[in-house]
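Trainee: what follows is a predicted structure for the sequence shown.
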Amino acid sequence: MKTKLPVRAAALGLTLTLALSPVAGAITVDEARDLLRGNYIDEIPEEILSLPTIEEITTALGDHYTYYMTAEEYTAFQNSLEGTNVVGIGVMVEKTADGLLVSGVAPDSPGQEAGVKTGDLIVAADGTTIQAAGSPDALAALITGEEGTKVTITVLRDGQELKLTMTREAVVFPTVTGEVVDDHIGWLSCSSFGTSTGDYFQSYILDEDEAADHWVVDLRGNPGGSATAVIQAVGYVLGNHDVAYVVDRQGDLDVWRPNPFPVEIPGLIQEPLVVLVDANSASAAELFTAAMRDYGYGLIIGTRTFGKGVAQNVFEQADGSAFKITTERYYSPNYVTPDRSGVLPHLVVDANLADEVARLLCGTAEEQASGDVLVLQLAGQTWYIHREEAVSEDYAPAFAELLAAIAPNTPMTLDGKVVTPAEVSEAWGVDYVSRWFDDVGDSPYGDEINTLAALGVLLGNENGDFSPQDPLTRGELVSMIVKAMGYWCWQSQGSAPFTDVDREDWYATSVDIAYNLGLIQGDENGEFRADDPVDHQQFLTILTRMGERADLSVERRLEQVTGEELATEAVQAYDAWARPYVVTAEDLGFLAVPLEELDPTVPTTREEAAAMLYRMLEYIGILTPVTEE
């Protein structure tokens, strides 16, 4: 259990957009310097601030989120977060070789009024087929046109061809669309968090609540947006709870909450909830996802999210331009930042199959015929998968992904009997590729190792083995760090200065990333020594540094290590540089065995490393463990 940290309530008006007092014309370099000095999250060296242009200053900062926008660029930035206004029939499509696959229909649009549905395939416009048009883009161009003119589209739906005629008009594509799929799943697709997103959430949930016994919120490809919008959206879903904590340049901790007063108001969704994410789900989308994870309110499915854990304020100018500046770091309700790490789903599956996995899990709880319904306990909810759907041609690939993503000890029954993914695969005749290691059955940490493997954060050797009792080398350690925390998604900020790391070495990029994040150091000769084993004091130090970077409560615990704790006999066995990290690791439960049983200078085995990594990730909440019932 984490200790609650003291916070102060932040006003809901902290929306990541602040207006400056009007000034004449665009911002000057001196004004930009003053804004950065007073507002940037970290202190900026004067040699950077003294550079001659705003672009040179922001480039030297190395912060992709701090930059100046012209009036035109700022308008485009705002439009990217809000609903887009275009003339047409009001459908969102995915372009395929066979036609335009409808992925969404704007409310109150010509398309909705004519009966266009998600999943329709548009194959012709005014009689011109995609083959005659020559390309999906050319077909799409035939559908748009002048406001007030008519167009007839031909769609394929369930094997039947339909012709639908409508009048083109200006259509707003909202940031959220909602519908009931499979007659019982409330499905919200959110493309960004703009000014009206919270209201869209409320409206669609209320409209669909009577028909929905499950909910899906699709945040794949959502780049984020307004803090106010995501705070409202989270509030409508789960009620009046802390959505995030933000830390400013002074180190003060503020809370973002739908209502700044501690009044518990229930959310609008009480049924099982799924959140879909991918590598392009960022910023506000990650805050939404992390809140659902931390409160145990939803099952997260997809791939690890983008990893943006800093917030910006936008300082507007009188000429319509704006300066966007990183001003806070943010943390989830469990004090975990998605910065660089992103949010790790409960079920890591191909993001392109995540929606199908969700539909499989949202099966109805009908009377269970013998062997026809698989029952799972995931994220505190019960889920039902029906055999007929799971083994069908349309869903078998998604079902195979689901089986591969299941961790050991996940409560799962078939015909009332506890089963494993392999047993389900055999019983239902659906092949899948297991991520579990075959050589950890005798390890006392086999379940922890295979849980991490199911999540895709542990890799084996070229033969697919984990080799649990082998000593962990420094090269393997940095690879494990980067993979486990998702840092591999990010480019490093430059090469590490180690003389014995070649650019062609398999671990070189991981070394660069770990070094630039302050997680590793070299020896007195400036060497990394990748093949050397990692002893226990080195491993515990680096493990705790990982936790410190990801979790505010670990950082604060390190700051509170006392002289009395450092003076204990078990801690004194470690070198002075390692002792604060060892104390913190022991206190927070990172150790796999009592501290007295760990020799500081003995090499850490791969199974020990995996077990302690698992416990650290469990503590900070990046993974949610399952327990055997």
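Mentor: Received, thanks.

Trainee: can you tell me the centre-most residue of the protein?
Mentor: T305 (2.8 Å; Cα atoms, centre = their mean).

Trainee: list the contacts for that one?
Mentor: Residues in contact with T305 (Cβ atoms under 8 Å, 6 or more residues apart in numbering) are V277, D278, A279, S281, A282, A285, E286, T289, P338, G342, V343. No exception for glycine: its C-beta is placed from N, CA and C like everyone else's.

Trainee: the fifth one in helix, strand or coil?
Mentor: So the one you mean is A282. Under DSSP: H, G, I helix; E, B strand; the rest coil, the three-state class of A282 is coil.

Trainee: again, but for the last one
Mentor: State at V343, reduced to three classes by three-state DSSP: coil.

Trainee: counting neighbours, which bits of stretch 561-580 end up buried?
Mentor: The neighbour-count criterion (16 or more other Cβ atoms under 10 Å) identifies V561, E565, V571, A573, Y574, A578, R579, P580 as the buried residues of stretch 561-580.

Trainee: actually stretch 428-446, not the one I typed
Mentor: W428, V430, Y432, S434, R435, W436, F437, D439, V440, S443, Y445, G446.

Trainee: specify the residue ranges that define each domain of this structure.
Mentor: What automatic domain parsing lists as the domains of the chain is 8-81, 85-172, 176-308+330-348, 366-428, 451-620.

Trainee: tell me the most buried of the ones you listed?
Mentor: When you average the neighbours per residue for each of those (mean count of other Cβ atoms under 10 Å), domain 176-308+330-348 leads with a mean of 22.

Trainee: that domain: end-to-end distance?
Mentor: Across domain 176-308+330-348, the terminal residues are separated by 24 Å (Cα to Cα, to the nearest Å).

Trainee: how about stretch 233-253?
Mentor: 22 Å.

Trainee: please apply the same query to stretch 558-572.
Mentor: First-to-last distance for stretch 558-572 - Cα to Cα - comes to 17 Å.

Trainee: ok, and for the biggest strand by length in the chain, which residues are buried?
Mentor: Longest strand in the chain by number of residues (criterion: DSSP state E): strand 322-331. By 16+ other Cβ under 10 Å, the buried positions in strand 322-331 come out as A322, F323, K324, I325, T326, T327, E328, R329, Y330, Y331.

Trainee: all helices of the stretch 251-400 of the chain, in order?
Mentor: 284-294, 354-361, 387-390, 396-405 (DSSP state H, counting those that start in this stretch).

Trainee: how far out from the middle of the chain is the following helix or strand past the last one?
Mentor: This points to helix 396-405. Downstream of helix 396-405, the first helix or strand assigned by DSSP states H and E is strand 412-414. In terms of Cα atoms, centre = their mean, to the nearest Å, the centre of strand 412-414 is found 29 Å from the chain centre.

Trainee: show me the shaky parts of this structure.
Mentor: Low-confidence segments of the chain, defined by pLDDT under 70: 1, 6-25, 79-87, 103, 260-263, 367-369, 488-493, 625-629.

Trainee: tell me the residue furthest from the middle of it?
Mentor: The chain, farthest from centre, Cα atoms, centre = their mean: G127 at 43.1 Å.

Trainee: report the separation between that residue and T144.
Mentor: 17 Å (Cβ to Cβ, to the nearest Å).

Trainee: ok, now S510?
Mentor: 47 Å.

Trainee: same deal with T289?
Mentor: 34 Å.

Trainee: what's the answer for G526, then?
Mentor: 61 Å.

Trainee: what do you get for G235?
Mentor: From G235 to T144 the distance is 37 Å (Cβ to Cβ).

Trainee: what backbone torsions are found at A454?
Mentor: The phi and psi values for A454, taken as degrees, to the nearest 10, are phi -60, psi -30.

Trainee: for it, what are its contacts?
Mentor: A454 is in contact with V348, A404, A405, I406, A407, P408, R435, W436, counting by Cβ under 8 Å, 6+ apart.

Trainee: now distance to L613 too, for those, in JSON lines please.
Mentor: Converted to JSON lines, these look like this (distance: Cβ to Cβ, whole Å):
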{"residue": "V348", "distance to L613": "16"}
{"residue": "A404", "distance to L613": "21"}
{"residue": "A405", "distance to L613": "19"}
{"residue": "I406", "distance to L613": "20"}
{"residue": "A407", "distance to L613": "15"}
{"residue": "P408", "distance to L613": "16"}
{"residue": "R435", "distance to L613": "16"}
{"residue": "W436", "distance to L613": "17"}
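
Trainee: wait, which of these is closest to A133?
Mentor: V348 (39.1 Å; Cβ to Cβ).
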